[in-house]
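Participant: have a look at this prediction, sequence included:
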Amino acid sequence: MKTILKTTIFFFILFLIFYFSANYVLKKLSGRIISELQPRLEQQGIIIRNFDYSNVHLTSYNSCTLKKVDLDFYLNRNLYGKESFSARFNAESISLRFADFENPSFFFTFEDFRIFVAPEETSDKRPFGKLDNGYLKTRIPLYLKNPEESAREILNEVRKLFRENKTPIDLEIDVDALLGIDSREVKVGLFTQREGDITYLKFEDDDIYEAAKAFEIDLAEKEAEIIANYPSKVPAMIKITRDAKRLSKLEKDIDPSFPEDAFRHIFWSYHLSREFGPELAKEISDAHETIPGNTAEERHMDYHNNAIGIQLAQQKMSLEELKHQVLNSREIIRNPEEIRRNR
């Protein structure tokens, strides 16, 4: 019994020595690795302005964790052009799990992370200027034999996910996206969903409804479901919808006889098609017309004018040219009475 106890204590002391000495070595190594990594990142156009963390320690035999990570960086404009931006990133913890001794690699987990992109560098083209309360876990390895190529491949696919809402790589994201439009911000839940061999990026349907209310936009249930599947396009969709509503009302205020409804639908579907293509524009506009309350004639008129707007999008037109079409084209229905008279 005494022998067993002594052996247990001995191995426990060895474990403590290994654990704390390993943590000491990790702290020394991490600082060295970061200083060596910065020049290599600069060659790739990634400029680190500041990198700091509170501590690093082993969490198991094959994983370690950095705590309270802060990072300021920007992408070199000479290399990235319009894609360049400045950003601040911080996370409560970043965990690295080592795997596969034959082909060494790491998997990453970010917990409670935040990203803030400089306001002057955000736009409808880069809609996620602020992410908060984030969780990210990769299920694809970063190979140590060729880390730069492996990291570049992963980052390109993550970028593709946020642009096109889908990627073949397997990763999990759950984060709050702060949509900023016209000096107003709305928090929307953003998450990934794996279907077969594809990872999709989506918004929570209920959050889309709340965002629409905040931006004074009416959505049909089916329309909200469609929009939730295209997170990167939502800010531009909202802006186009608000502009259509605002400009049509402005014209009506100037001239009470102006066909406000027809112009709103033409402007809206025209710009949706110019921005996202005719297929998605038709899918969104058709779904919008399922909102209850319109008469059969009003719904027919709106479907028709949406289709005309999508057709007009084949050619680039100014606001004045769109107004001219609405006022003069025989193809456009300006009043539901026109449908009743033609029956």
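Facilitator: Happy to help now that I have it. Here the structure is a predicted model, which means the values were calculated and not measured. Numbers count the residues shown, from 1 in each chain.
Participant: thought Ser63 was touching Ser93?
Facilitator: No. If you go by Cβ atoms under 8 Å, Ser63 and Ser93 don't touch, sitting 11.4 Å apart. Just so you know, the C-beta spots here come from the backbone N, C-alpha and C atoms, and that holds for glycine as well.
Participant: low-confidence regions, the chain specifically.
Facilitator: Filtered on pLDDT under 70, the chain yields the residue ranges 1-37, 80, 83, 119-128, 182-183, 339-343.
Participant: tally of neighbours for Ser95?
Facilitator: When neighbours are defined as other Cβ atoms under 10 Å, Ser95 has 19 of them.
Participant: surely it touches Cys64?
Facilitator: Yes. Counting by Cβ under 8 Å, Ser95 does reach Cys64; the two are 7.4 Å apart.
Participant: ok, and the closest non-adjacent residue to Leu144?
Facilitator: Spatial nearest neighbour of Leu144, chain neighbours left out: Pro104 (4.3 Å); criterion: Cβ to Cβ, 6 or more residues apart in numbering.
Participant: and Ala211, how many neighbours?
Facilitator: Around Ala211 there are 25 residues (other Cβ under 10 Å).
Participant: run through who's touching stretch 172-179.
Facilitator: 113, 127-137, 139, 185-192, 201, 203, 211, 231, 234-235, 238 (Cβ atoms under 8 Å, 6 or more residues apart in numbering).
Participant: change it to 6 Å
Facilitator: Contacts with stretch 172-179, where a contact means Cβ atoms under 6 Å, 6 or more residues apart in numbering, come from 128, 130-137, 185-188, 190-192, 235.
Participant: got it, and stretch 69-84?
Facilitator: 45, 47-53, 86, 88-91, 94.
Participant: could you say what helices and strands the one helix or strand Val234 maps to packs with?
Facilitator: Taking DSSP states H and E as the definition, one finds Val234 inside helix 234-254. Helices and strands touching helix 234-254, by 3 or more Cβ pairs under 6 Å, 6 or more residues apart in numbering; DSSP states H and E, are strand 171-181, helix 260-276.
Participant: ok, then the element right after the first one?
Facilitator: Right, the one you point to is strand 171-181. Next element after strand 171-181 (DSSP H and E): strand 184-195.
Participant: buried stuff in that next one?
Facilitator: Within strand 184-195, the residues scored as buried using 16 or more other Cβ atoms under 10 Å are Val186, Lys187, Val188, Gly189, Leu190, Phe191, Thr192.
Participant: check which strands are paired with it and give the direction for each one.
Facilitator: When pairing is defined by DSSP bridges, strand 184-195 lines up against strand 171-181 (antiparallel), strand 198-203 (antiparallel).
Participant: now do the first one against helix 234-254, angle only.
Facilitator: Computed with axes from the mean of the first three to the mean of the last three Cα atoms, to 10 degrees, the direction of strand 171-181 lies at 20 degrees from that of helix 234-254.
Participant: alpha carbons of strand 171-181, as CSV, please.
Facilitator: Extracted C-alpha coordinates of strand 171-181, given in CSV (Å, rounded to 0.1, in the frame of the first residue of the first chain):
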residue,chain,number,x,y,z
LEU,A,171,-16.2,24.7,-39.7
GLU,A,172,-18.6,25.9,-37.1
ILE,A,173,-19.4,29.6,-36.5
ASP,A,174,-21.9,31.1,-34.1
VAL,A,175,-21.6,34.9,-33.7
ASP,A,176,-23.7,38.1,-33.4
ALA,A,177,-23.3,40.3,-36.5
LEU,A,178,-24.0,44.0,-36.1
LEU,A,179,-25.6,45.3,-39.3
GLY,A,180,-25.0,49.1,-39.7
ILE,A,181,-27.1,51.0,-42.2
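Participant: show me how far it is from its chain's centre.
Facilitator: 6 Å (Cα atoms, centre = their mean, to the nearest Å).
Participant: where along the stretch 51-200 of the chain do the strands fall?
Facilitator: Secondary structure of the stretch 51-200 of the chain (DSSP state E, counting those that start in this stretch): strands at 55-60, 63-75, 86-99, 105-117, 130-138, 142-143, 166-167, 171-181, 184-195, 198-203.
Participant: so what secondary structure elements neighbour the first one?
Facilitator: In other words, strand 55-60. Against strand 55-60 (3+ Cβ pairs under 6 Å, 6+ apart) you get helix 2-43, strand 63-75.
Participant: give the buried residues for it.
Facilitator: Val56, Leu58.
Participant: do the last one as well
Facilitator: Judged by neighbour count using 16+ other Cβ under 10 Å, the buried positions of strand 198-203 are Thr199, Tyr200, Leu201, Lys202, Phe203.
Participant: hmm, Ala228 and the last one touching each other?
Facilitator: The one in question is Phe203. Yes. The criterion here is Cβ atoms under 6 Å, and Phe203 meets it with Ala228 at 4.4 Å.
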